[in-house]
Structure formats: C-alpha cells, structure tokens
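Engineer: Here is a sequence together with a model predicted from it:
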Amino acid sequence: MLDTETMRTFTKVVECNSFSKAAKLLYKTPAAISYRIKSLEAELNTQLFERTTRTVSLTLAGQHLYEHCSQWLLWLNSMPEELQQIRDGVERRVNLTINNLLYDSDAITELLDYLLEKFPFTHFTINRQVYMGVWDSLLYGECHLAIGATGTESLDNMINIFPLGEITWAFVAAKHHPITRIDSPLSNDALRKYPAINVEDTSIHMNKRVAWLLPSQTEIIVPDISTKLACHLKGLGIGFLPRSLCQPYLDTGELIECKVINERKPSPLSLAWKKSNMGKVMNEIVNLFKYHHPIALRFLKNIDKKR
C-alpha cells in the first residue's frame, strides 16, 4: 500500500500542487502518476485530493497523510548517516540538566550550535533545575549530564564528577530598603522582619534545601535567579545572591551589601555525568569543561573561584 515509491509520488504531487508537474520531476507520465494516486485512494478507501480541471488540493485526510509521509521519507534519507553515527559511538539522545545558578540562554544556544554541527543526528533535551533538583534529575530522572551539580563528591558510584569551582554569596538589599539603615552586623531578629526571596528547590525524590530562611520569616518564592535579582532590586525582600551576579549593582549603588551574623558559605558546583551513557557527545561536552573551552566558560560566569 504505502511503499516508498508511492509515498514519494504522493508527496511530490502535494509539493507541486499538480499531477503533470510531479510527473516531469519523477520522469513519469501524468497517467502513471494519476493511476498510482487513484490506487492509493482506493486501497485506503479515502479521498486524498480535491481535484479541479486545473489544480489539486489536499483533503484533511490527505494533509494528515502528507505530514507523516514527509517525516518518514526524511528519516529514510538520513537513516544511513544516523546508523553510521550510532556505529561510531555517537549517542542518539543526550539529556542535559543545568543548575539555575549557571543557566544562561545564550550559552546554551552556543553549546547546541557547536554540538549539532558535530553531531547533527543526536537529539538534545535541556532543562533547568534548582539545588538538589540537579542531582534528582541525574539519579531518578532521564538526565545524562548535569552542569552545576551541588558539591564536589558524587552521590552515586555510577556518576562521574568534575569540580567546576565555587559560587560566593553576598547578602544584599535594595538601596532604599530599611534594612540598610540598621547598624551591621545585622541580627537575626532584625532580619526576620523582612521577607526572604528564594528560588524553590526542584527536587522530587530527595530532601529539598532552603537557601536562606529564618524561623517565622516570610518567604517569597520565585522561579529563577534572574527573578530573584529583580525582586531584590525592587526592594521586595532580602537575602543572598551570587556575588558575581549582583556585583554590577553593588558597584552602581542599586544594591547594598549588608553584614550579617551568619554568612553563607561558598557553594561548590561540579559537572556530573552517568558513566553508562558515555559516548562521543558526552565525552565532547566533558572535554569542553575540562580544557576550559570558551563555550564552557560562558556557563561559569557566576562562579568566582574556578577550578
């Protein structure tokens, strides 16, 4: 019924919007093209084209068939190269997780552009996670490699680790926030009067971590670090931000760094990947970070102490 030749004939008629034009391109007679399409419609017991004396157009059923035939023919054309890549150890799919603290859309776009040029038949999926959500996606999800797993030691002997460095933190508030008029170091009693702005840990199977929150303190939860920064600038609350992220605003005076009794320790982050999924694509990504490629360095702009 739907052999390759029939699918090619059908799609060519659709693309040319003409039986006669399709016949010329396929080196067939118009009668042969018309017969093949009529035979296909008879076998399917479905009309695929609306015909007039001058043009043909697809019915809804014909449109549905065309979409699937186009995809199938495209896959048939690319299949030999895909099989060759699989034979050569190139993964068919790579799922990446990026820590919210390192997430950068321009860096991601540059990484994908680089990888797809080398591995055009690999399917990539990228998602963003917060705190232990990165490890959760590695241990319980479909993630193959994570950029920014917390810590410098693997939580599983089947996952390799490469330390990237540390993020240092600054406790900040907007220049007009009342907390900035209180003498330092700020006590917990003074701090808990104002909302803490946090990004919620996305972990599902592991214990969630809270970045900074005092007992009885109001919390504002936002979806990502850029929104958290914007909330700080608006004076909606207080809390810690990566020093590299907020330094430009500290320099202009839009944010004020406050001294607190309990400073936040630096956060070490690592590249982490599953040993069982190690192929040429994964190896390429790991090497970008190990050898400090400019593409990898773009992910590390919030890391102050690089390894």
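Structural biologist: Cool, got the structure.

Engineer: The protein: helices as residue ranges?
Structural biologist: 4-16, 19-26, 30-44, 60-87, 105-118, 132-139, 188-191, 225-234, 243-252, 280-290, 294-297 (DSSP state H).

Engineer: Which positions within the last one qualify as buried?
Structural biologist: In other words, helix 294-297. Ala296 (16 or more other Cβ atoms under 10 Å). Bear in mind the C-beta positions are built from the backbone N, C-alpha and C, glycine included.

Engineer: Could you name the helices and strands sitting against it?
Structural biologist: Here helix 294-297 touches helix 105-118, helix 280-290, going by 3 or more Cβ pairs under 8 Å, 6 or more residues apart in numbering; DSSP states H and E.

Engineer: on that earlier part again, let me know which of the helices of the chain is tucked in deepest.
Structural biologist: helix 132-139 (a mean of 24; mean count of other Cβ atoms under 10 Å).

Engineer: show me where pLDDT drops low in the stretch 51-200 of the chain?
Structural biologist: Per-residue confidence for the stretch 51-200 of the chain (pLDDT under 70) gives these ranges: 78-84, 86-89.

Engineer: Pipe the helices and strands packed on helix 294-297 into a markdown table and attach distance to Pro266 per row.
Structural biologist: Shown next, in a markdown table, are the helices and strands packed on helix 294-297 (distance: least, Cβ to Cβ, whole Å):
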| stretch | distance to Pro266 |
| --- | --- |
| helix 105-118 | 22 |
| helix 280-290 | 19 |
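
Engineer: looking at the helices of the chain, which is closest to Lys265?
Structural biologist: helix 243-252 (12.8 Å; Cβ to Cβ).

Engineer: Now the closest one: average pLDDT?
Structural biologist: For helix 243-252, mean pLDDT rounds to 95.

Engineer: can you dump the C-alpha coordinates of it into CSV?
Structural biologist: C-alpha atoms of helix 243-252 as CSV (Å, rounded to 0.1, in the frame of the first residue of the first chain):
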residue,chain,number,x,y,z
ARG,A,243,28.4,37.8,44.2
SER,A,244,29.3,37.8,40.5
LEU,A,245,25.6,38.3,39.6
CYS,A,246,25.0,41.2,41.9
GLN,A,247,28.4,42.9,41.8
PRO,A,248,27.5,45.3,39.0
TYR,A,249,24.5,46.6,41.0
LEU,A,250,26.7,46.9,44.1
ASP,A,251,29.1,49.0,42.1
THR,A,252,26.3,51.4,41.0
